[in-house]
Structure formats: structure tokens, C-alpha cells
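Chemist: coords please:
(one chain, ligands or ions: 2)
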Amino acid sequence: VENVGVVSPNLAVDRVQVIEKFSPGNVYRPTHTYPAAGGKGVNVCRVIKALGGKPTLLGFTGGIIGKYIIQKLKEEGIDFIDVSIKDESRVCTLIVDGRKNVFTVINERGPRVSNVEIKRLYREYREFSKDKDIIIFSGSLPQGCQPSLYCELMKFSNSKDKIFIVDTSGEALRLALAQKPYMIKPNLEEFSGIVGRKEYLLGNVKNLIRELKRLYATTVIPWIIVSLGRKGVVFSHEGRIYYSEALPVKVVNSIGSGDALVAGFAVGIVQRKSFIDIMRLSVAAASANTQTLYPGICKKEDIDKFYEKVKIEEIH
Ligand SMILES: Nc1ncnc2c1ncn2[C@@H]1O[C@H](COP(=O)(O)OP(=O)(O)OP(=O)(O)O)[C@@H](O)[C@H]1O
Ligand SMILES: [Mg+2]
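Modeler: Ligands and ions are numbered 1, 2, ... in the order given. As a prediction, this is how the structure comes out:
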């Protein structure tokens, strides 16, 4: 395993707006504005790159914003296979309020893609998937895509013995389960979207463990990773449950930490780490992501430092 591909159809321009003491209903002048290519898959690529990998990204872009995305990806040195579309790509706004430690995300729905454009994605994907050992499906789908897209793409892959990782939500995630990906990484919200019963899950960890074990029993997905933000992360590895507390970090911006976790996991697989060390690298990358303003931009030395500190415990 070496080649990592990232499929992220709903690419975007992310604009990080730094606004102190942000509250809705007022007029603000951000103290800083940072535009860059965005969309979950871009964050994943950045973190894999920070860890020394060379991922390839596949997604739709359209219009002027699409051109801008392509340019920004090039500047960052992210290999990109573009499926160009007619409709305009989206802009997402991330409001970072360091004073209140509150992060607000405004994700536009994204362009509408046509059936012809989706067919082109399939064609590109088939080529793309040929030499990939690990394929990560990351983020939401643009309008016009069926929620079964990730599920269908997995089926449509060039060979069956690939490692598939799925990080999305709702129906797209639920339908992907049937293809038995190697790993899924819902946050608590997304996890309750598949198993229902949010209040019950929030109630206590025992309930979460029970639902995780039940989902493993019905799907046999080797890794089910439920991230809980500052409450840490619960791993189901072949039905055994592990927990890692969040590290006590001073957060600059936590958006994209789930994406960083996915990237750390993939690199752990590439580096053939033990399953415990795969979990440690996942948490270390997620934690490092909280230390910088821009999603997916993290420092290798932060990851290394956190890697030494992460503790994984088996829980029952
Ligand atoms: N405030 C925080 N303090 C410490 N660690 C954090 C914090 N927020 C996130 N993390 C780390 O990052 C991991 C993933 O975060 P989270 O559960 O918020 O992912 P997510 O909701 O998928 O995020 P996104 O989709 O924006 O990438 C957590 O399990 C934790 O290890
Ligand atoms: Mg996420």
C-alpha cells in the first residue's frame, strides 16, 4: 500500500474570516481573511502531504470559482484530477472567533451537476482508481448526485482489493456501508444519523459502545471511528472498542480535525503501523490540526509531539 487517492466531489473555495467576538446580527470587518482551496478532501490531502505522502485528489470544479480552486491546488502542490462542470463551484465561509473559541461554518450546497458530468466523473474515477491502494471518499455531494454515489464508485473501482475509507454524512454514508469500506469516521452527529437515537448516545458512553458493537455486528466494517470533538474519539477495531481522550490543547481552529484524523489513519496504514499506532497517529494529526488557523494545515513537528502523548485504552 502506497498510493492514496482522495475523492471529494464538492470542492470549494474556503474563506477563513477571523472575527473577534462574533455574534449573529452585526456588521463585522474580519481582522484577517484567508482564501484557499477547500472541501474536506483538500484538508485530507494537506495533512497526508504534511506527513510525507503524495495523495491525488479527484473532484468537480466549475466556473470562475472552479478555476480559482485549480490554481490554488496547483500553488499548494496537490495533484488534482479535474472533472469540469458547467455550474459554478461553491464558496464556504469559516468564521473563526479566537476570543470566544467559537467556530462557525457556512457550507454552501454547491453546484448542480448533470448526468453527463457524473458519467465523466465515473470515467475519470475508473482510471484514477487503477493504481490507488487506498481511496478516501470525503465530504458532501453536489446537487444532482445520487446519495449512492460513493457506494457506486466503490463498486465501480478497478479492483476490489482496495482500502476504502468513507467520511461523509446522512444517506451517502448509510448507503456506503453496504460496500463494507475498511474505515468510516462519523462524528457523533453523523453516527447518530446512521444508528438513530442521538439523545440516547449522548446519555452515556455505554450506550455509544453498545451501538458501535451493534453496527460492527451488522456491517463487519473493520474500523468504525466515532469522533467526539473535544471529548476525544471512540474506535471500534474489529469489534473491540478503544478510547482516546482529546489532548489538552489550546485550540486555534478545530474545523477539519476530523479530516486530519482520516489523513493520519491513512498514513498509518501506508506506514504499516500497528493498530494501536494507527490510532495514535490519527489522534495526533487531528490534534495538530487544531493548532493552526487553516483546516488541514498542520505542522509535522506538532504531529510528532502529539504522537508521543496520545494514550489509547481499551474500554468495554
Ligand atoms: N477542541 C478540541 N480539543 C482537542 N482535540 C480536539 C478538539 N476538537 C477536535 N479535536 C480532535 O480532533 C478529532 C476530530 O474532531 P471532530 O470530532 O470535531 O471531527 P469532525 O466533526 O469530523 O470535524 P470536521 O468534519 O470539521 O473535520 C477529535 O476526536 C479530537 O481528537
Ligand atoms: Mg468530519
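Chemist: for the helix or strand that residue 278 is a member of, name the packing helices and strands.
Modeler: Following DSSP states H and E, one finds residue 278 within helix 275-289. Judged by 3 or more Cβ pairs under 8 Å, 6 or more residues apart in numbering; DSSP states H and E, the packing partners of helix 275-289 are helix 40-50, strand 233-237, strand 240-244, helix 257-270, helix 300-309. For every residue, glycine as well, the C-beta is placed using N, CA and C.
Chemist: count the residues that sit near residue 316.
Modeler: Neighbours of residue 316 under the rule other Cβ atoms under 10 Å: 7.
Chemist: er, residue 26 actually
Modeler: As a burial measure, residue 26 scores 8 neighbours (other Cβ under 10 Å).
Chemist: next, give phi and psi for it.
Modeler: Backbone torsions of residue 26, given as degrees, to the nearest 10, read phi -120, psi 170.
Chemist: any idea how far it is from ligand 1?
Modeler: Counting by Cβ to the nearest ligand atom, to the nearest Å, the separation of residue 26 from ligand 1 is 25 Å.
Chemist: quick one: that residue and residue 19, what's the gap?
Modeler: 9 Å (Cβ to Cβ, to the nearest Å).
Chemist: and the residue of this structure nearest ligand 1?
Modeler: Nearest residue of the chain to ligand 1 (Cβ to the nearest ligand atom) works out as residue 258 at 2.0 Å.
Chemist: ok, and the closest non-adjacent residue to that residue?
Modeler: In space, and not counting its chain neighbours, residue 258 is closest to residue 227: 5.3 Å by Cβ to Cβ, 6 or more residues apart in numbering.
Chemist: could you do residue 177 as well?
Modeler: residue 219 (5.1 Å).
Chemist: show me what the lowest-mean-pLDDT helix or strand in the chain is packed up against.
Modeler: Here the helix or strand of the chain ranked lowest by mean pLDDT, DSSP states H and E is helix 198-203, holding a mean of 73. Applying 3+ Cβ pairs under 8 Å, 6+ apart, we find helix 198-203 packed against helix 188-195, helix 205-219.
Chemist: related to what we said a few turns ago, can you redo the helices and strands packed on helix 275-289 as JSON lines with mean pLDDT and mean neighbour count?
Modeler: Output for the helices and strands packed on helix 275-289, formatted as JSON lines (pLDDT from 0 to 100; neighbours: other Cβ atoms under 10 Å):
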{"stretch": "helix 40-50", "mean pLDDT": "98", "mean neighbour count": "27"}
{"stretch": "strand 233-237", "mean pLDDT": "98", "mean neighbour count": "23"}
{"stretch": "strand 240-244", "mean pLDDT": "97", "mean neighbour count": "18"}
{"stretch": "helix 257-270", "mean pLDDT": "98", "mean neighbour count": "27"}
{"stretch": "helix 300-309", "mean pLDDT": "98", "mean neighbour count": "16"}
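Chemist: contact partners for the residue of the chain closest to ligand 1?
Modeler: Residues in contact with residue 258 (Cβ atoms under 8 Å, 6 or more residues apart in numbering) are 167, 185, 187, 227, 286.
Chemist: returning to that earlier point: and the helices and strands packed on helix 198-203, which is most packed in?
Modeler: Burial of the helices and strands packed on helix 198-203 is given as mean neighbour count (mean count of other Cβ atoms under 10 Å); helix 188-195 ranks first at a mean of 18.
Chemist: quickly check: that helix near ligand 1 or not.
Modeler: No: using Cβ under 6 Å from any ligand atom, helix 188-195 never reaches ligand 1; the gap is at least 7.3 Å.
Chemist: what's that helix packed up against?
Modeler: Secondary-structure packing of helix 188-195 (3+ Cβ pairs under 8 Å, 6+ apart): helix 170-176, helix 198-203, helix 205-219, strand 223-227.
Chemist: on that earlier part again, the helices and strands packed on helix 275-289: which one's closest to residue 134?
Modeler: Closest of those to residue 134 is helix 257-270, at 5.4 Å (criterion: Cβ to Cβ).
Chemist: so where do the strands sit in the stretch 51-200 of the chain?
Modeler: 56-62, 79-85, 90-97, 102-106, 134-138, 163-167, 183-184 (DSSP state E, counting those that start in this stretch).
Chemist: please save the CA atoms from stretch 154-162 in PDB.
Modeler: C-alpha atoms of stretch 154-162 as PDB (Å, rounded to 0.1, in the frame of the first residue of the first chain):
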ATOM      1  CA  MET A 154     -16.600   1.700  -4.700                       C
ATOM      2  CA  LYS A 155     -18.400  -0.900  -6.800                       C
ATOM      3  CA  PHE A 156     -17.000   0.600 -10.000                       C
ATOM      4  CA  SER A 157     -13.400   0.600  -8.800                       C
ATOM      5  CA  ASN A 158     -10.800  -1.000 -10.900                       C
ATOM      6  CA  SER A 159     -10.200  -3.900  -8.500                       C
ATOM      7  CA  LYS A 160     -11.900  -5.000  -5.300                       C
ATOM      8  CA  ASP A 161      -8.900  -5.200  -3.100                       C
ATOM      9  CA  LYS A 162      -8.500  -1.600  -2.300                       C
END
